[in-house]
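Undergrad: how does the following fold in three dimensions:
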Amino acid sequence: MQSRTHTCGELRAEHAGQTVTLHGWVSGLRDKKTIFVVLRDRYGTVQVTIDHNADQALLDAARQLALEYTVEVQGTVALREDFARNAKMETGDIEIIPTSIEVLSTTKPLPFKIDSPTERPTEEVRLKYRYLDLRQSQLQKTMRIRHKTALVVRNYLDEKGFYEIETPILNRSTPEGARDYLVPSRVHPGEWYALPQSPQIFKQILMIGGMDRYFQLCRCFRDEDLRADRQPEFTQIDIEMSFVTQDMIIELSNGMIRKVWKDVIGVDVGDIPSITYAEAIERFGVDNPDLRFGMELFTADWTGTEFGVIGNALSAGGVARGFVVKGGAEVSNSLFKTHKKKGDGAWLAFVKKYRLGGLLYGKLENGEWSGPLSKVEPEYLNTLEGVEDGDLVLVGAGPVAHVNTAMGRLRAFVARERNLIPENAFAFVWVTDFPAFEHDEDNDRWVSVHHPFTKPIDAHIPWLGTDKMGDILSDAYDIVCNGYEIGGGSIRIHNAEVQSKVFEALGLSEAEAKNKFGFLIDALQYGAPPHGGLAMGFDRWTMLLSGTENIRDVIAFPKTTKAQDLMAEAPNTVAEEQLAELFVANTVPADAE
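TA: Numbering: from 1, shown residues only. Okay, the predicted model is just below:
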């Protein structure tokens, strides 16, 4: 094998006459007296043309080729005739006239065609044969975007005075909100490491250690139920800074977002607005709103209505909320109803997933209302703003949390269904002033909304441990893009006394707090600076930059929604001898699959 002189994607008209050596895979093959071979590598494709009058050995070599054979081609770059130029190929002005073709490796029959415009393999097949899937142009493009994003982030933060510092992978188990992945210790029988859900405590320790500005592209692990935008192991852009305020962190993050979006995909982000958590819930029902379209929620404050569904919900302390779908009167009523044979309509089934019992609708056509909302008194319906003839109104009624979540999620679902979301648009927004604590009804105790190291806003610190716990706001912030939470963080508690008050308010005894967070509690007593930071979801960033809604499309070797690697066949069983070395019993619950 000879050294490669050029990549398949870089050759242009100015290279005409040059002798080249190329390596790649056969991605196209036609034999019509003249043999046309399309050679592909990571950088692009190029056509290799073997005339029927070529040397017999060369013709024989070309005719033994098959798709996805790995080959070396030596030859000369030639300009194509005008009629043969291919504007769809970046190398379409030239072709390679080969002097030799060598097969470097052959292939078994393929489970699917690479980059076929008509045959799309299932995701299961793609993940099982990930080494073939990675050859597809979209995944190659995505990996390039992922690499470029990491490079831009590192350079940006380096220019801002940050150090990239690694934190431990094997650590102690600390409560972070999800299940830990645990690793048994052979040296310390009966004791366990935990893989980090985040470097939270360590990055705070780095600030106490005087590092001032830290970041890393770190791997995190959470044993939780999966979905399209979540993986059991994922990557964060982790950032922590000393002597900062919320505004300073948001300003730095906005600069990083603008830099990445501009340098990686050429998009100018512009100003990024901020709204409070309360405003997000009021306008959109959820704290990760998609701002690319309207349809903001309204509150149907129709106290006194005789329409039972809404009246009963309001009487029980609930709420009625909805939104207007412009031109939606054309939508089939079957979407909102339960069918005896077919079950729930798609929109009704959607809200039921969020514990909403039903979905009320009304259509205004020719000045008349139809649907369940037509039973609401006119004086209430007339309070709805922006409703015009031909519009659809959707309303949910019930407990506040259920209604907000269901209608907020339905808003985005309907927008996708009706193609109301503009293509190639990015709508960023910061959400601030989150509640610091929420009440766990099952265990009758307060828990942290983010984590117990999040600082309450200064004015609310005196409320710790009082009957105003539910009113305390935190100095926390999330960044949202197109309905995805792509990052979040907070100003941390740097005062040991305040941290102790938070633990006490959460029902943690001094001994429990010491056991779970001992080294951080100790460190806070040694001149801890005011500090704060955030973590950006690197995989979700790449997902948005690549234009996909599936996080598995932006990770080279992802897991399925059952946390399996189909290619490597992980997880798998291990030998009893290995378990014995770790003092672990090989037990499986009787009801396990």
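Undergrad: hey, where'd the strands end up in the stretch 201-350 of the chain?
TA: 213-221, 233-242, 274-276, 298-299, 319-325, 338-339, 343-344 (DSSP state E, counting those that start in this stretch).
Undergrad: beta partners for residue 24?
TA: Here residue 24 sits in beta bridges with residue 71, as judged by DSSP bridges.
Undergrad: just use 93 as the starting number from now, easier for me
TA: Happy to do that; since the first residue is 93 now, the last one works out to residue 116.
Undergrad: roughly how far does it sit from residue 514?
TA: For residue 116, the distance to residue 514 equals 38 Å [CB to CB, to the nearest Å]. (C-beta placed from N, C-alpha, C; glycine too.)
Undergrad: between the two, which one's more packed in?
TA: residue 116 (26 against 9; other CB atoms under 10 Å).
Undergrad: shouldn't that one be in contact with residue 162?
TA: Yes - using CB atoms under 8 Å, residue 116 makes contact with residue 162 at a distance of 7.4 Å.
Undergrad: angles on the backbone of the closest residue to residue 459 other than its chain neighbours, please.
TA: Closest residue to residue 459 apart from its sequence neighbours, by CB to CB, 6 or more residues apart in numbering: residue 481 at 6.7 Å. Residue 481 has phi and psi values of phi -60, psi 130 when expressed as degrees, to the nearest 10.
Undergrad: that older thread, who touches both of residue 116 and residue 162?
TA: Overlap of the contact sets of residue 116 and residue 162 (by CB atoms under 8 Å, 6 or more residues apart in numbering) is empty.
Undergrad: now residue 381. Nearest residue, chain neighbours left out?
TA: residue 372 (5.5 Å).
Undergrad: sorry, wrong one. I was asking about residue 644.
TA: residue 650 (3.9 Å).
Undergrad: can you check residue 478 too?
TA: residue 416 (5.8 Å).
Undergrad: same question, residue 426
TA: Closest residue to residue 426 in three dimensions, ignoring its sequence neighbours and counting by CB to CB, 6+ apart: residue 437, at 5.0 Å.
Undergrad: so what's that neighbour up against?
TA: 426, 427, 428, 429, 430, 431.
Undergrad: and the first one, how many neighbours?
TA: Burial of residue 426 is recorded as 14 neighbouring residues (other CB under 10 Å).
Undergrad: what does residue 604 give?
TA: For residue 604, using other CB under 10 Å, the count is 12.
Undergrad: quick one: pLDDT of it?
TA: Note for residue 604: predicted pLDDT of 84.
Undergrad: which stretch of helix or strand covers it?
TA: Using DSSP states H and E, residue 604 sits within helix 602-615.
Undergrad: ok, now residue 577?
TA: strand 576-583.
Undergrad: list the contacts of whichever helix or strand comes after that strand.
TA: Next helix or strand after strand 576-583 toward the C-terminus (DSSP H and E): helix 588-597. Helix 588-597 has contacts (CB under 8 Å, 6+ apart) with 529, 538, 540, 544-545, 547-548, 553, 556-557, 561, 585, 602, 604-605, 609, 613, 616-617, 620.
Undergrad: how about helix 588-597 as CSV, C-alpha atoms only?
TA: Provided in CSV are the C-alpha atoms of helix 588-597 (Å, rounded to 0.1, in the frame of the first residue of the first chain):
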residue,chain,number,x,y,z
ALA,A,588,-20.9,26.9,55.5
GLU,A,589,-23.6,28.2,57.9
VAL,A,590,-26.1,28.7,55.0
GLN,A,591,-25.3,25.3,53.6
SER,A,592,-26.0,23.7,57.0
LYS,A,593,-29.3,25.5,57.2
VAL,A,594,-30.3,24.1,53.8
PHE,A,595,-29.4,20.6,54.9
GLU,A,596,-31.4,21.1,58.1
ALA,A,597,-34.4,22.4,56.1
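Undergrad: chain center to that helix: distance?
TA: 33 Å (CA atoms, centre = their mean, to the nearest Å).
Undergrad: ok, stretch 639-656 next?
TA: In this view, stretch 639-656 has its centroid 10 Å away from the chain centroid, taken as CA atoms, centre = their mean.
Undergrad: now stretch 617-636
TA: Computed by CA atoms, centre = their mean, the chain-centroid distance of stretch 617-636 equals 16 Å.
Undergrad: before we move on, the earlier item: tell me which strands and helices the strand holding residue 577 is in contact with?
TA: Packing partners of strand 576-583 (3 or more CB pairs under 8 Å, 6 or more residues apart in numbering; DSSP states H and E): helix 338-357, strand 568-573, strand 623-629, helix 630-638.
Undergrad: of these, which is nearest residue 384?
TA: Ranking these by proximity to residue 384 (CB to CB) places strand 568-573 first, at 9.6 Å.
Undergrad: got the CA positions of that closest one in CSV?
TA: What follows is strand 568-573, C-alpha atoms only, in CSV (Å, rounded to 0.1, in the frame of the first residue of the first chain):
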residue,chain,number,x,y,z
ALA,A,568,-30.6,29.2,39.4
TYR,A,569,-30.9,29.4,35.6
ASP,A,570,-31.6,27.2,32.6
ILE,A,571,-30.9,27.8,29.0
VAL,A,572,-33.5,26.5,26.5
CYS,A,573,-33.4,26.2,22.8
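Undergrad: thanks a lot, see you next time.
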